[in-house]
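>>> Build me a model:
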Amino acid sequence: MSPTEGRELPPRAPSLENMPVARPALGAALVLGAGVLWSLQSLSIRLTDAAPSEVIAFWRFYGQFVFLMIALILVQRGRIITSFRRAGLPAILGGICQAIASVFMVFAVVHTSTANAVFVISLSPFLAGMMAWALMGEKPTAVTWAAMGIAIAGVCVMVSGNRTDLQILGSLYALLVAFGFAGLTVMLRYGRQVEMLPTVCWGGLIGLIASFFIALARGTGDLDMPLGDALIVTLMGGSLIALGMLCFVRGARHIPAGVLALLSLSEIVLAPIWTWLFAGEAIAPREMIGAGIVLLAILGQTVATGRKRRTAEPAQP
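Got it, this is the predicted structure:
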């Protein structure tokens, strides 16, 4: 493969010759693993004292960027520049999308209710499915559409008991998060013929810069945090987020974009469960019922995905 290969977006219907068969069961397991790791973020934040969200975001992005750069160096045996050149434009676009999703998540929660933010963000599987269909002709199956619908219904049950203040600005921020995550998912699929770890490295770097300037604008540019809290947040970014991203990138080689985004909804289901079990936060019966519905949709999609021994979409060599 030449150093310049991958700088352009892959063709709409790449050739299937000389490319190995995807392993959907492995892909589903990796993405579910990513969702589990990401769901532990809320519990990790509970271990820190109060700090401005942009400061937490900065140290989280720092840990993510450092960890993923180390992982890329090990995977590519030091060929960093070549790896970034091969990943090319899809990696840059995906990194921008990831940074948008991570940064605007903070603003979404600040400007609207958590319930409303979670509901809007849960639309990301639909957005990813439609974007992948339009850009790559990767049409979601009937099972995937049904699972998406069931998952949305479960999220509705989870947030039904909360007073949802539908502030327009906060809802727009949440929609940007949904589009950002969907865009990241689609770009990982678009460039799956090459190593796509540079995508999340770009995301960490862009998010690091963006959170610094946000902190500067808000008067917290010194990024001051207690050393112990800074270490917790940095390790959270370096382990939970970055390792989850690593699993997600690998899973994107094997399963369609809509399925990727759907299975990652395990994060929003498991997050309140961890804080209930280990931080003593109350969880309402409706939240448990809604979480069960979402998990049922994820389980159904996982079983359907695992039964596919061969797909028309190949994995990277």
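
>>> pLDDT at residue 242, what is it?
Note on residue 242: pLDDT of 90.

>>> same thing with the one 10 residues further on?
pLDDT for residue 252: 93.

>>> quick one: it from residue 143, how far?
Residue 252 sits 19 Å away from residue 143 when distances are taken as Cβ to Cβ, to the nearest Å. C-beta coordinates here come from the backbone N, C-alpha and C atoms, glycine included.

>>> With neighbour numbers in mind, choose between those two.
A direct count of neighbours by other Cβ atoms under 10 Å for residue 252 and residue 143 places residue 252 higher, at 29 against 15.

>>> Setting aside sequence-adjacent positions, which residue approaches the more buried one most closely?
Distances taken as Cβ to Cβ, 6 or more residues apart in numbering put residue 188 closest to residue 252, at 3.7 Å, once the chain neighbours are dropped.

>>> mind listing the strands for the chain?
Applying DSSP state E to the chain gives no strands.

>>> any idea where the helices of it begin and end?
For the chain, the helices defined by DSSP state H occupy 24-39, 41-46, 53-76, 80-111, 114-121, 124-136, 142-159, 168-190, 197-217, 227-235, 242-251, 257-263, 266-279, 285-306.

>>> Quickly compare these and say which is most buried.
Among the helices of the chain, helix 257-263 has the highest mean neighbour count (mean count of other Cβ atoms under 10 Å), at a mean of 31.

>>> ok, now which ones touch the closest residue to residue 123 other than its chain neighbours?
Residue nearest to residue 123 in three dimensions, not counting chain neighbours: residue 178, with 5.0 Å by Cβ to Cβ, 6+ apart. Contact analysis of residue 178 by Cβ atoms under 8 Å, 6 or more residues apart in numbering lists 101, 120-124, 127.

>>> now with 10 Å?
Listed by Cβ atoms under 10 Å, 6 or more residues apart in numbering, the contact set of residue 178 reads 101, 104, 108, 117, 119-128, 261.

>>> any idea how far it lies from residue 126?
Shown here: residue 178 relative to residue 126, a distance of 9 Å by Cβ to Cβ.

>>> residues shared between the contacts of those two?
Residues touching both residue 178 and residue 126 by Cβ under 10 Å, 6+ apart: residue 261.

>>> coming back round to it: for the residue nearest to residue 123, report the pLDDT, please.
We have a pLDDT of 92 for residue 178.

>>> What of residue 33?
With respect to pLDDT, residue 33 has a value of 94.

>>> which residues touch it?
243-244, 246-248, 250-251, 263, 266.

>>> returning to that earlier point: got the confidence number for the residue nearest to residue 252?
On pLDDT, residue 188 comes in at 95.

>>> Spatially nearest residue to residue 102 (excluding sequence neighbours)?
Residue 102 sits nearest to residue 207 (Cβ to Cβ, 6+ apart), 5.2 Å away.

>>> Quickly note the distance from that neighbour to residue 259.
On the measure of Cβ to Cβ, residue 207 and residue 259 end up 25 Å apart.

>>> go on, residue 67?
Remark: distance between residue 67 and residue 259 (Cβ to Cβ) = 26 Å.

>>> ok, the nearest residue to residue 304 once chain neighbours are set aside - contacts?
Computed as Cβ to Cβ, 6+ apart, the closest residue to residue 304 that is not its neighbour in sequence is residue 143, at 4.7 Å. Residues near residue 143 by Cβ under 10 Å, 6+ apart: 259, 300-301, 303-305, 307.

>>> if we go to 8 Å?
Contact analysis of residue 143 by Cβ under 8 Å, 6+ apart lists 300-301, 304.

>>> before we move on, the earlier item: please verify my assumption that the residue nearest to residue 102 contacts residue 98.
Yes. With contact defined as Cβ atoms under 8 Å, residue 207 counts as touching residue 98 (7.2 Å).

>>> what's the closest non-adjacent residue to residue 301?
residue 147 (4.2 Å).
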